[in-house]
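K.L.:
model the structure of this input:
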Amino acid sequence: MRSLGEKCAVFGIYGKGLDVSRLTFFGLYALQHRGQESSGIASTDGQNIYCYKHNGLVAQVFNEEIIRSLFGHCAIGHNRYSTSSGTDVKHAQPIEVADHSMTLVHNGNLPSVRLLSDFLKKRGVALADISDSKLITEALYCLTKEGVKIEKAVEEIFPLMTGSFSLLIMTKDKLIALRDQHGIRPLSIGKINGGYVFASETCAFHPIGAEFIGVVKPGEMVVVDAKGLRRKQIAKSIQKLDIFEFVYFSRPDSILLGQSVYDVRKRFGTELAQENNISADVVIPVPETAIPVAIGYANASGIPFEMGIIKSRYIHRTFIEPEQHIREQGVKLKLAPLKEVIKNKRVIVVDDSIVRGTTSRQIVKMLFETGAKEVHFLVSSPPVKFPDFYGIDLPRQAELIAARKSVQEINTYLGSTSLNFLSYEGMIKATGLKGSLFCTSCFTGKYPINIKERKKDILY
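P.N.:
Sure, this is the predicted structure:
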């Protein structure tokens, strides 16, 4: 059950003879889980840049006529998750510049935009109602209008971007991929029929027949044009991938830092079983992220795994507001319990995280109403105690239940028989990697990139 959101998914492709807009559509379709608010694609044929974007899911935004109107041999695309910036289509990406010479898509967030704002103010650029992504785009545009080549412009603007970013920048003849020096958001590279593909996750490569060949390194700029692919390290690489990519965001069939997301989540379950010896009759996941976790727990504990909760896969974002009675159903709109699995059973229910606690509380209540004798709630990550400033749509710290309550107090609020979180050490161990490779700020309050003026939002 989604309780967090991230902005966003990015996808890009360059290749002569490829149907790039169509391939971008299917790439974005595979990355739909990273953003459901809006979607957009921009393409170029070397002479013009074409762009279409709108609110809605990928399949709602595009049709055959639109895809055919996005001509060219290079394209970038974006799925956006709704954030505090607003849901108006003006916030959709790709972001275009005034003369349509360049477009940009961004996954991540800049907690401080002071340096970019100062840069643009000196050049007389109006900054009212402008996002961090738009600030980056306008700063690059200013330099290119002054005659600076786009690669050099990227190098000049890079130090002004304080935060996390996986960026794709498209001009009429180039595709540029760029990642912040901590690599907080993922960005992978694939190859297809002599062309190149970039995507937030490797799961976008299989549907289009692309081969995964590596990643854009933290602090690296990768340029693709008629001359081929070129790479340049423009800042020191200090890998700090957001561990929430393993915990929650990424699809299980993606690869991160050389590790299968599916395998890591199964190991989360193994670690949970080693840390928590619970007598129960059945282990059930909250779909979808927790399914491999519950499998790992069941295998390690010997307690049978069952799909005790079914998710309606076709209830997506809709522009139709539910009527009051349906709205009051809350979690029941998306999740349905299987009575034959739950009734008269001691149930272990596994989820990936607890944020506000309201959804988890509804799930516990629903399981008891279905006839569970006990409901033991297990979480495959530590308590989320701190806000995120790098691209996760987390609520304010005061709304994070673990920032205000102890584990026992949260258990009481949920109404569960017991509540246990995976330890920080267990989470890191399950990745098979060193803890120094990760950003774990939501759990520890340690922010690898200076959050500057946003420090005032840390309350405890």
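K.L.:
now do the contacts for Leu116.
P.N.:
Leu110, Asp132, Leu135, Ile136, Ala139, Ile157, Leu160, Met161 (Cβ atoms under 8 Å, 6 or more residues apart in numbering). Placement of C-beta: from N, CA and C, glycine included.
K.L.:
my guess is the fourth one contacts Val154, does it?
P.N.:
In this case it means Ile136. No: look at Ile136 against Val154 with Cβ atoms under 8 Å: they stay out of range, at 9.8 Å.
K.L.:
so for the two, which sits in the more crowded spot?
P.N.:
Legend: neighbour count by other Cβ atoms under 10 Å for Ile136 and Val154, higher for Ile136 (26 against 22).
K.L.:
so what pLDDT did the nearest residue to that one once chain neighbours are set aside get?
P.N.:
What sits nearest to Ile136 in space, not counting adjacent residues and going by Cβ to Cβ, 6 or more residues apart in numbering, is Met161, at 6.2 Å. Met161 is assigned 96 on the pLDDT scale.
K.L.:
list the buried residues of stretch 115-122.
P.N.:
Using 16 or more other Cβ atoms under 10 Å as the test for burial, stretch 115-122 gives Leu115, Leu116, Ser117, Phe119, Leu120.
K.L.:
just stretch 374-384 next, same as before
P.N.:
Glu374, Val375, His376, Phe377, Leu378, Val379, Ser380, Ser381, Pro382, Pro383, Val384.
K.L.:
and the last one, that's in a helix?
P.N.:
Spelled out, it's Val384. No: counting by DSSP: H, G, I helix; E, B strand; the rest coil, Val384 is not part of a helix but coil.
K.L.:
contact partners for the residue nearest to it when sequence neighbours are not counted?
P.N.:
Leaving out its chain neighbours, the residue that sits closest to Val384 by Cβ to Cβ, 6+ apart is Cys442, at 5.0 Å. For Cys442, the contacting residues are Phe244, Val384, Lys385, Phe386, Pro387, Asp388, Ile392, Leu394, by Cβ under 8 Å, 6+ apart.
K.L.:
in a strand, Cys442, correct?
P.N.:
No: using three-state DSSP, the assignment for Cys442 is helix, not a strand.
K.L.:
now for Ser360: which residues touch it?
P.N.:
Asp351, Ile354, Phe377, Leu414.
K.L.:
among these, which one sits closest to Leu143?
P.N.:
Ile354 (44.7 Å; Cβ to Cβ).
K.L.:
hang on, that closest one packs against Leu400?
P.N.:
No: if you go by Cβ under 8 Å, Ile354 and Leu400 don't touch, sitting 9.0 Å apart.
K.L.:
enumerate every residue touching Phe421.
P.N.:
Contacts of Phe421 (Cβ under 8 Å, 6+ apart): Ile354, Leu378, Val379, Ser381, Pro382, Pro383, Val407.
K.L.:
which parts of the stretch 1-150 of the chain are helices?
P.N.:
Counting by DSSP state H, counting those that start in this stretch, the stretch 1-150 of the chain has helices at residues 20-30, 58-61, 64-69, 114-122, 132-145, 150-157.
K.L.:
quick one, what contacts Leu419?
P.N.:
Neighbours of Leu419 in contact, by Cβ under 8 Å, 6+ apart: His376, Phe377, Leu378, Val379, Val407, Gln408, Ile410, Asn411.
K.L.:
which of the three states applies to the last one?
P.N.:
In this case it means Asn411. Per three-state DSSP, Asn411 ends up helix.
K.L.:
pLDDT value on it, please?
P.N.:
98.
K.L.:
next: the third one.
P.N.:
Confidence per residue is given as pLDDT, and for Leu378 that number is 98.
K.L.:
quick one: it from Tyr248, how far?
P.N.:
Distance of Leu378 to Tyr248, given as Cβ to Cβ, to the nearest Å: 15 Å.
K.L.:
could you point out which element follows the lowest-mean-pLDDT helix or strand in the chain?
P.N.:
Counting by mean pLDDT, DSSP states H and E, the chain has its least confident helix or strand at helix 324-328, which shows a mean of 58. Later in the chain than helix 324-328, the nearest helix or strand by DSSP states H and E is strand 335-337.
K.L.:
buried set for the helix or strand following that next one?
P.N.:
For strand 335-337, the following helix or strand on the C-terminal side (DSSP H and E) is helix 339-342. Neighbour counts over helix 339-342 (16+ other Cβ under 10 Å) mark Val341, Ile342 as buried.
K.L.:
show me what helix 339-342 is packed up against.
P.N.:
strand 282-285 (3 or more Cβ pairs under 8 Å, 6 or more residues apart in numbering; DSSP states H and E).
K.L.:
quick check: next helix or strand after the strand it packs on?
P.N.:
Following strand 282-285 toward the C-terminus (DSSP H and E): helix 291-301.
K.L.:
now that next one: mean pLDDT?
P.N.:
On average, helix 291-301 scores 98.
K.L.:
stretch 190-208 now?
P.N.:
98.
K.L.:
which parts of the stretch 101-250 of the chain are strands?
P.N.:
102-112, 162-171, 175-179, 188-192, 195-199, 211-215, 220-225, 228-233, 241-242 (DSSP state E, counting those that start in this stretch).
K.L.:
strand partners (parallel or antiparallel) of the shortest one?
P.N.:
Sheet pairing for strand 241-242, assigned by DSSP bridges, gives strand 438-439 (parallel).
K.L.:
now do the strand it pairs with: distance to the chain's middle.
P.N.:
15 Å (Cα atoms, centre = their mean, to the nearest Å).
K.L.:
which residues make contact with it from outside it?
P.N.:
With Cβ under 8 Å, 6+ apart, strand 438-439 has contacts from His182, Ile184, Lys240, Leu241, Asp242, Ile243, Tyr390, Ile428, Thr431, Tyr447, Pro448.
K.L.:
wait, the fourth one sits on Ile255?
P.N.:
This means Leu241. No: judged on Cβ under 8 Å, Leu241 makes no contact with Ile255 at a distance of 12.0 Å.
K.L.:
any common contacting residues for the two?
P.N.:
In contact with both Leu241 and Ile255: no residue, using Cβ under 8 Å, 6+ apart.
K.L.:
who's in contact with the residue nearest to Leu160 when sequence neighbours are not counted?
P.N.:
Spatially, and ignoring its direct neighbours in sequence, Leu160 is nearest to Leu115 (4.1 Å; Cβ to Cβ, 6+ apart). Contact analysis of Leu115 by Cβ under 8 Å, 6+ apart lists Pro159, Leu160, Met161, Thr162.
K.L.:
now do the second one against Lys455, distance only.
P.N.:
It stands for Leu160. 19 Å.
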